[in-house]
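1. Next input, structure requested:
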Amino acid sequence: MELMSISAELLQKAFIAGAKNLEANKEYINELNVFPVPDGDTGTNMTLTIMSAAQEVGGIDKPDMETVSKAISSGSLRGARGNSGVILSQLFRGFTREIKKEKEINVEILSRACNKAVETAYKAVMKPKEGTILTVAKGMAEKAEELVAESEDLIFVVDEVIKHGDYVLSQTPEMLPVLKEAGVVDSGGEGLMTVVKGAYDALQGKEIDYTLEGVSKSGAAPKIDDIEIDEADIKFGYCTEFIINLDNPLDEDEEDNFKGFLHSIGDSIVMVADDEIVKVHVHTNQPGEAFTRALTYGSLSRMKVDNMREEHHERLIQNAEKRAKEQAKADEKTKAEKKEEPRKENGFIAVSVGKGLDEVFKSLEIDAIISGGQTMNPSTEDILNAVDKVNADNIFILPNNTNIILAAQQAEILLEDKRLIVIPSKTIPQGIAAMLGFIPGESADANKESMIESMSGVATGEITYAVRDTVIDDHEIKEGNIMGIGDDGILAVGEDLEATTIEMIENMVDEDSGMISVYYGEDVKEDDANKLVEKLEEKFPDVEVECYMGGQPVYYYITSVE
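-> Predicted coordinates for the structure are as follows:
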């Protein structure tokens, strides 16, 4: 068969088919994670991300290209979980941005959309690595561009793109040594190919069940564009924020020109645009110039200028003028019961898993706990819901997991009336150390630096078991082995839980170490944890050892050395 164009109705079906194919194969994709841990979650994260969008797409009764594009983009953005899910959502955002104004998709438009998808996804990742989902997406986009001049038949072109994508995926172990050592291809790339293959089945007219459980009929979330973020520099003294109510939508050249202008007068640029508004944040010494240039695009609202060199004084003025609103909408019952309280300056959110760890964070005055961590990465929407519950101007969030940081950064750009500050904590102990580094009375930016600095002196070790045979960091690992995983890789492998834990900590302690903290999980008895502590105290007599009930699943022990 031949197919010369894809209608909005067919795109709707293809997207749902891709989502369902990913859902059906998520466990296989989970098993491709490099570390053979029981919570490998790439397939799960990508599935939850795409199904969030599929529910919105499936809820469209009379699809056109713009409504389908909006549902794909906004649904995947808010449902994005984990690094793989966030990158997948960025691929969708770029793709739909290119097609949303079209009536149908032909080979040329498909090629442009694939290239825009890759461009958007690469922008979203601060330090892109080759040998990942990004590389697979780029390979397919390049193949699609090459085929534009060869055929107008989408069935032929997509089939060839898939074949090339599979080839690029097969080469990922040659690009990332850790994949080659583990004997797997990139799991995110495999997930992307699974989506595309499911969509291709729909294009070919194969019999597919398109029904979705819990299809959402609600409107899609606001559209946003790519952002560019630079680190703040004290030489620019005024934190300037405003919204442009556009007279006309900005095209890409206008967006780039405006961003370029903002870079010429300042730094720490955050610019989020859709067809109706542009939200701008810039640190500059000429806020008036930013306003003047912005007025050429439309009217301004929510204009705010803070003198960062006199931040304490400005904060007092703000606090005097602001009286708090009711706590936000996530829990309507709680909101109705609470009286209006003054909005405070700083609030804190932590991702945690386990009752004991929750209590540790609460003792450090965390305002909201997001349950998730290793075993279930929270989505961007989950993070936004938690932010809603914290009545503060500045909200610091501790992801406490490498795989949650990108989702937190996505939430950061969606906020308007609060500032979300992502502290890039990769582990629970780093998050605890970050909170101990917070200095009351200091500015939000100064505290961000202090909290990040506090994390740098903490080494983390986690003890779990292997779910398959593999080789990592020159360690031969058998299914069922106990593994000690440090910040930079495998530290110990063995068959005995206590002995492997001690070996792992031994590899973490050095002459400067002063404290070992042990958090035992839900599968460890308190007596066994206390026996471990006794042996650690005997082995390291000059180091203080503390023990806490963490209650975390999957990981027998989470430890830190500082």
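2. C-alpha only now, for contacts and for neighbours.
-> Noted.
3. for the stretch 301-450 of the chain, what spans make up the helices?
-> If DSSP state H, counting those that start in this stretch is used as the criterion, the helices of the stretch 301-450 of the chain fall at 311-321, 332-337, 355-363, 380-389, 405-414, 428-436, 444-455.
4. Quickly, which of these bottoms out on average pLDDT?
-> With a mean of 44, helix 311-321 has the lowest mean pLDDT of those.
5. what ranges do the strands span in the stretch 201-350 of the chain?
-> For the stretch 201-350 of the chain, the strands defined by DSSP state E, counting those that start in this stretch cover 238-246, 266-273, 277-284, 298-307, 344-352.
6. and the third one, what does it pack onto?
-> Secondary structure elements in contact with strand 277-284, counted by 3 or more C-alpha pairs under 8 Å, 6 or more residues apart in numbering; DSSP states H and E, are strand 238-246, strand 266-273.
7. Please name whichever of these is nearest to A407.
-> Nearest to A407, of all these, is strand 266-273, at 16.3 Å by C-alpha to C-alpha.
8. T135: which element?
-> helix 133-147 (DSSP states H and E).
9. So for stretch 552-559, mean pLDDT?
-> 92.
10. Just the C-alpha atoms of it, please, in CSV.
-> Coordinates of each C-alpha in stretch 552-559 appear next as CSV, following Å, rounded to 0.1, in the frame of the first residue of the first chain:
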residue,chain,number,x,y,z
GLN,A,552,12.8,2.4,51.8
PRO,A,553,11.9,-0.5,49.5
VAL,A,554,14.3,-2.3,47.2
TYR,A,555,17.4,-0.9,48.8
TYR,A,556,18.5,-2.7,52.0
TYR,A,557,20.7,0.2,53.1
ILE,A,558,21.3,3.8,52.0
THR,A,559,24.5,5.1,53.5
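11. List of residues touching it?
-> 38-39, 353-357, 375, 429, 460-465, 501, 505, 516-524 (C-alpha atoms under 8 Å, 6 or more residues apart in numbering).
12. what do you get for stretch 454-470?
-> Stretch 454-470 has contacts (C-alpha under 8 Å, 6+ apart) with 36-38, 182-183, 425, 427, 429-431, 433-434, 436-437, 476-487, 501, 504-505, 508, 554-562.
13. So which of the residues you listed are in strands?
-> The strands, defined by DSSP state E, take in 476-477, 482-486, 557-561 from those.
14. Neighbour-wise, give me the winner out of those.
-> Tallying neighbours with other C-alpha atoms under 10 Å puts M483 at the head of the ones in strands among the contacts of stretch 454-470, with 30 neighbours.
15. How about it, nearest residue that isn't a chain neighbour?
-> V493 (4.6 Å; C-alpha to C-alpha, 6 or more residues apart in numbering).
16. and of the helices of the stretch 301-450 of the chain, who's closest to I133?
-> Comparison of these against I133 by C-alpha to C-alpha identifies helix 405-414 as nearest, at 14.9 Å.
17. coming back round to it: of the strands of the stretch 201-350 of the chain, which approaches K418 most closely?
-> For the strands of the stretch 201-350 of the chain, proximity to K418 was assessed by C-alpha to C-alpha; strand 344-352 is nearest, at 10.1 Å.
18. The helix or strand where S84 lies packs against which elements?
-> Under the criterion of DSSP H and E, S84 resides in helix 82-99. Judged by 3+ C-alpha pairs under 8 Å, 6+ apart, helix 82-99 is in contact with helix 42-58, helix 65-79, helix 107-124, helix 405-414.
19. now those helices in a markdown table, with distance to I6 and mean neighbour count?
-> Below are these laid out as a markdown table (distance: least, C-alpha to C-alpha, whole Å; neighbours: other C-alpha atoms under 10 Å):
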| stretch | distance to I6 | mean neighbour count |
| --- | --- | --- |
| helix 42-58 | 16 | 27 |
| helix 65-79 | 10 | 26 |
| helix 107-124 | 9 | 22 |
| helix 405-414 | 30 | 23 |
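20. Regarding L169, what is its secondary structure?
-> At L169 the chain is in helix, as set by DSSP: H, G, I helix; E, B strand; the rest coil.
21. again with N33
-> Three-state assignment for N33 (three-state DSSP): coil.
22. show me the contacts for it.
-> 40-42, 184, 186-187.
23. Which pLDDT value belongs to it?
-> The model's pLDDT for N33 equals 78.
24. for M126, same thing?
-> pLDDT for M126: 71.
25. Grab the CA positions of stretch 381-399 and hand them over as CSV.
-> What follows is stretch 381-399, C-alpha atoms only, in CSV (Å, rounded to 0.1, in the frame of the first residue of the first chain):
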residue,chain,number,x,y,z
GLU,A,381,2.5,17.3,37.2
ASP,A,382,3.2,15.6,40.5
ILE,A,383,5.8,18.2,41.3
LEU,A,384,3.5,21.1,40.2
ASN,A,385,0.8,19.7,42.6
ALA,A,386,3.3,19.7,45.4
VAL,A,387,4.3,23.2,44.6
ASP,A,388,0.7,24.2,44.8
LYS,A,389,0.6,23.1,48.4
VAL,A,390,3.5,25.2,49.5
ASN,A,391,2.6,28.8,50.2
ALA,A,392,5.9,30.5,49.6
ASP,A,393,7.6,32.9,47.2
ASN,A,394,10.7,30.7,46.7
ILE,A,395,10.3,26.9,46.8
PHE,A,396,13.4,24.8,46.9
ILE,A,397,12.9,21.2,45.5
LEU,A,398,15.2,18.3,46.3
PRO,A,399,14.7,15.6,43.6
